[in-house]
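**Student:** Need coordinates for the below:
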Amino acid sequence: MENILSIKNLKKSFGENQVVNGLSFDVNKGDILGLLGPNGAGKSTTINMIAMLLDKESGDVLFDGKDVQKNNIEFKKSLGLVPQDIAIFSDLTAYENVKFFCSLYGIKGKELKERTKDALEKVGLWNRKDDFPDSYSGGMKRRLNIACSIAHKPKLLIMDEPTVGIDPQSRNNILEVTKELREEGTTVIYTSHYIEEVEAICSKLIIMDKGIIIEEGDKEEIKLKYKKQGLNNLEEIFLSLTGTELRD
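**Tutor:** Residues are numbered from 1 along each chain as shown. As a prediction, this is how the structure comes out:
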């Protein structure tokens with residue numbers, strides 16, 4: 001598999017608290033990588049450093065073999081980010097929201113309209129395109145958030161707990177959209193507190209705790225490895241490695 005993202009010895013401290021401590025891993029093109037860990041494991045800090053929203057203390061982030069800091073404009077055009085907190089404008093319609101965020105990547109005219117429509121159709125909101133987000137349910141707002149993040153067709157999409165507190169219909173839509181994006185060539189880093197989501201969509205896993213990687217690899221190979229130790233599913237594996245349940 002061709003590598004798209006390389007993280008090398010990434011570190012970040014807040015005061016005396018070492019949140020990320022020498023993290024190194026690779027992401028291959030076409031992967032849906034599940035990034036798992038208990039609260040405080042360093043997942044969001046790692047994601048924010050990769051996305052250049054947070055300065056790293058040391059280490060390197062390489063995208064397509066190039067340092068993202070030296071090629072930040074090219075990298076940002078290739079990146080989509082779905083944050084934990086919904087980031088949409090309440091005074092713009094759904095269509096206007098997606099069109100605005102897509103236009104930030106230099107997309108104009110007919111192509112801008114086509115990509116806006118395509119993104120809204122993917123998340124099942126085209127029939128509500130002229131409505132304002134305040135009229136949406138929580139799940140619909142999260143789906144709109146995703147549409148805003150994918151309209152420019154990113155090569156790498158980071159999804160930070162995109163299904164927190166939403167209805168089953170919206171959760172299923174988000175999982176299906178994520179798999180569809182992968183089939184279209186998008187590489188995904190996905191954090192979640194739901195084992196069933198990881199089972200449904202992730203091909204690779206990284207389990208973090210206290211700022212370091214404690215397990216990583218192909219999802220099925222990890223399950224097979226721990227099955228030999230009497231652990232029958234990812235939930236039991238996670239509990240054994242971290243001492244906590246994933247949803248704690």
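**Student:** Quickly find the element holding the closest residue to residue 245 other than its chain neighbours.
**Tutor:** Using CB to CB, 6 or more residues apart in numbering and skipping residues adjacent in sequence, the residue nearest residue 245 is residue 239, 5.8 Å away. Using the backbone N, CA and C atoms, a C-beta is placed for each residue, glycine as well. Assigned by DSSP states H and E, residue 239 falls within helix 234-242.
**Student:** again with residue 90
**Tutor:** Using DSSP H and E, residue 90 is not contained in any helix or strand.
**Student:** Need the residue closest to the centroid of this protein.
**Tutor:** residue 159 (2.0 Å; CA atoms, centre = their mean).
**Student:** can you confirm it is in a strand?
**Tutor:** Yes. Assigned with DSSP: H, G, I helix; E, B strand; the rest coil, residue 159 falls within a strand.
**Student:** and the gap between it and residue 58?
**Tutor:** Computed as CB to CB, to the nearest Å, the residue 159 to residue 58 distance reads 26 Å.
**Student:** by contact count, what packs against the helix holding residue 239?
**Tutor:** Judged by 3 or more CB pairs under 8 Å, 6 or more residues apart in numbering; DSSP states H and E, helix 234-242 is in contact with helix 195-201, strand 204-209, strand 212-218, helix 219-227.
**Student:** Off-centre distance for that helix?
**Tutor:** How far helix 234-242 lies from its chain's middle: 21 Å, per CA atoms, centre = their mean, to the nearest Å.
**Student:** Other residues contacting that helix?
**Tutor:** The contact list for helix 234-242 (CB atoms under 8 Å, 6 or more residues apart in numbering) reads 36-38, 41, 195, 198-199, 205, 207, 209, 214-215, 219, 222-223, 226, 231, 244-246.
**Student:** Show me which of those residues are buried.
**Tutor:** 36-38, 41, 195, 198, 205, 207, 209, 215, 219, 222-223, 226, 231, 246 (16 or more other CB atoms under 10 Å).
**Student:** Mind picking the lowest-pLDDT entry from these?
**Tutor:** When these are compared by pLDDT, residue 246 scores lowest at 72.
**Student:** Which of the helices or strands spans it?
**Tutor:** Using DSSP H and E, residue 246 falls within no helix or strand.
**Student:** Backbone dihedrals for residue 90, please?
**Tutor:** Backbone geometry at residue 90, expressed as degrees, to the nearest 10, gives phi -70, psi -20.
**Student:** so where's this protein shaky on pLDDT?
**Tutor:** The model of the chain has pLDDT under 70 over residues 1, 247-248.
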